[in-house]
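> A structural model of the following input is requested.
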Amino acid sequence: MTTHHDTTMQAPARDDVTRAVRDRRDDLIALSHSLHAEPETALQEHRSAAKIAELLASAGFTVRRPLDDLPTALDATYGDGDLVLAFCAEYDALPGLGHACGHNVNGAASVGAALGLAAVADRLDITVRLIGTPAEEDIGGKVLLIEAGVFDDVAAAFMAHAAAEDSVGASSLAIGAWDITYRGRPAHAALAPWEGVNALDALTVAQTAIGVLRQQLPPGSLVHGVITDGGSAPNVVPDTTRARYEVRAPTVEQLTAVQRRVRACFEAGALATGATLELTPHGRDFADLRQDPFLTEAYAAAARSLGRAPRPRHGDTMASTDMGNVSRLLPAIHPTIGYDTGGAVQHTAEFAAHGTSPGADLAVIDGATALALAAVSAATDAAQRDRLLTGVTERRRSGRQAAEGRA
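Next up is the predicted model:
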């Protein structure tokens, strides 16, 4: 077998990857447009997952779905090399806004990268994985897939995120979400309000306490939420109120400390009114993103070769992503791939409207190509290949030791 540690293999492999993505251009753009036309929210992405699975299966990938307890997750594999390189595909939309975060572009670009890299999988002695990761906008599908062992043998993970600009190297905020329920006692709001326990008052006290707390929050920390149930009628003392709140912080370690302070605010609402508090996590906490330096530069170089100019954002912070949890486990990148959005930012209807523009279509193809070329760089650099393989071995050893310790 030709050695896969020789960097002289890079040039022909890069050419073949670029050609393979270009040959699939129409299929990838059709996938992006189809995802955009039929947006599906977290854990409801059945059609979206099926479209991706069908395209990969037609290219010779072995597709497994569903995964664990996630009916809209999938795992597609090509090749049998010792180095496993995975592309994470997101495809969930936002309620009421469709693909206002550009996950149709994200997902199609990752699929394209997998198809492109598959063209050289045997030559480079690698295994290509496309992991379909649902519910990024909600409970954190990647975290659940980590817990299910789906990433156990992955040496490096890649994805690019749709945005208004090209960038590399940014971090993200750690985030945790809670479902809040206060339960009180109903009463007639005019005839005998003193007989009631006002659950809405409990939430009002909590929100006031959070407002006062903001002055003492560490820089970069955020608290925001919505009331989902404020009572049934104005002339009835509300006996039940519900809300969903999110807490963000620069790192997952800081998140834990901020959550402790914010939880006390919700407990204060219950104490002040006599209502009972139910506070339950909504999904998994997302860790802050830590992008791998080598893979970041490899992606940036590939993007520049395609005529793009990704802005270095080392030290800057994006919003939040469950790719942060992946990056805490293994080397990973999450650059942004840009296109003209008319000045609109993510999570707006205006951003969603640009999701099938010519610029967005080019982002799919360029994102796929740059991600696949970054993977080629890792697979053909002897030192990096050894680093990635060693990382998998060490994780397995740590996992065995942890299991033995529990036993």
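
> Regarding this structure, what is its longest helix?
helix 382-406 (DSSP state H).

> What is that helix packed up against?
In terms of contacts (3 or more C-beta pairs under 8 Å, 6 or more residues apart in numbering; DSSP states H and E), helix 382-406 is packed against strand 83-89, helix 358-380. For glycine as for every other residue, the C-beta is placed from the backbone atoms N, C-alpha and C.

> again, 6 Å this time
Other helices and strands packing on helix 382-406, by 3 or more C-beta pairs under 6 Å, 6 or more residues apart in numbering; DSSP states H and E, are absent; none qualifies.

> who touches that helix?
Here helix 382-406 makes contact (C-beta atoms under 6 Å, 6 or more residues apart in numbering) with His5, Ala155, Ala156, Phe294, Ala378.

> where in the protein is pLDDT low?
The chain contains residues with pLDDT under 70 at 1-7, 407.

> is it true that Ala76 lies in a strand?
Yes. Membership of Ala76 in a strand is supported by DSSP: H, G, I helix; E, B strand; the rest coil.

> residues touching it, list them.
Leu56, Phe61, Val63, Leu130.

> Looking at strand pairing, list the partners for it.
Beta-bridge pairing for Ala76 (DSSP bridges): Val63, Leu130.

> if we can go back for a sec, show me which of the contacts of helix 382-406 are buried.
The neighbour count (16 or more other C-beta atoms under 10 Å) marks Ala155, Ala156, Phe294, Ala378 as buried among the contacts of helix 382-406.

> Spit out the contact partners of the nearest residue to Glu195 once chain neighbours are set aside.
Excluding the flanking residues, the one nearest Glu195 by C-beta to C-beta, 6 or more residues apart in numbering is Ala187, at 4.0 Å. Counting by C-beta under 6 Å, 6+ apart, Ala187 touches Pro193, Glu195, Gly196, Val237.

> Name the member of these with the most neighbours.
Ranked by neighbour count (other C-beta atoms under 10 Å), the contacts of Ala187 have Val237 at the top, with 22 neighbours.

> mind checking how far Gly355 is from Ala59?
In this view, Gly355 and Ala59 are 24 Å apart by C-beta to C-beta, to the nearest Å.

> what about those two, which has more around it?
Gly355 (27 against 16).

> ok, which stretches of this protein are helices?
10-23, 25-37, 46-58, 103-118, 121-124, 141-147, 199-213, 252-273, 293-305, 323-329, 349-353, 358-380, 382-406.

> I'd like those helices as TSV, with distance to Ala233 appended.
As requested, the helices of the chain are exported to TSV (distance: least, C-beta to C-beta, whole Å):
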stretch	distance to Ala233
helix 10-23	58
helix 25-37	40
helix 46-58	38
helix 103-118	39
helix 121-124	63
helix 141-147	38
helix 199-213	12
helix 252-273	19
helix 293-305	55
helix 323-329	43
helix 349-353	32
helix 358-380	46
helix 382-406	52
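
> coming back round to it: quick check on the residue nearest to Glu195: phi, psi?
Backbone torsions of Ala187, given as degrees, to the nearest 10, read phi -160, psi 160.

> Okay, it and Glu278: tell me how far apart.
Where Glu278 is concerned, Ala187 sits at a distance of 21 Å (C-beta to C-beta).

> Check Leu388 too.
Plainly put, Leu388 is 44 Å away from Glu278 if you go by C-beta to C-beta.

> repeat for Leu217
24 Å.

> Between these two, tell me which one has more neighbours.
Between Leu217 and Glu278, Leu217 has the larger neighbour count (other C-beta under 10 Å), namely 18 against 13.

> if you skip the residues just before and after it, what's nearest to that one?
With sequence-adjacent residues excluded and distances taken as C-beta to C-beta, 6+ apart, Leu217 is closest to Val258, at 6.3 Å.

> What about that neighbour, how many residues nearby?
Other residues within reach of Val258, judged by other C-beta under 10 Å, total 23.
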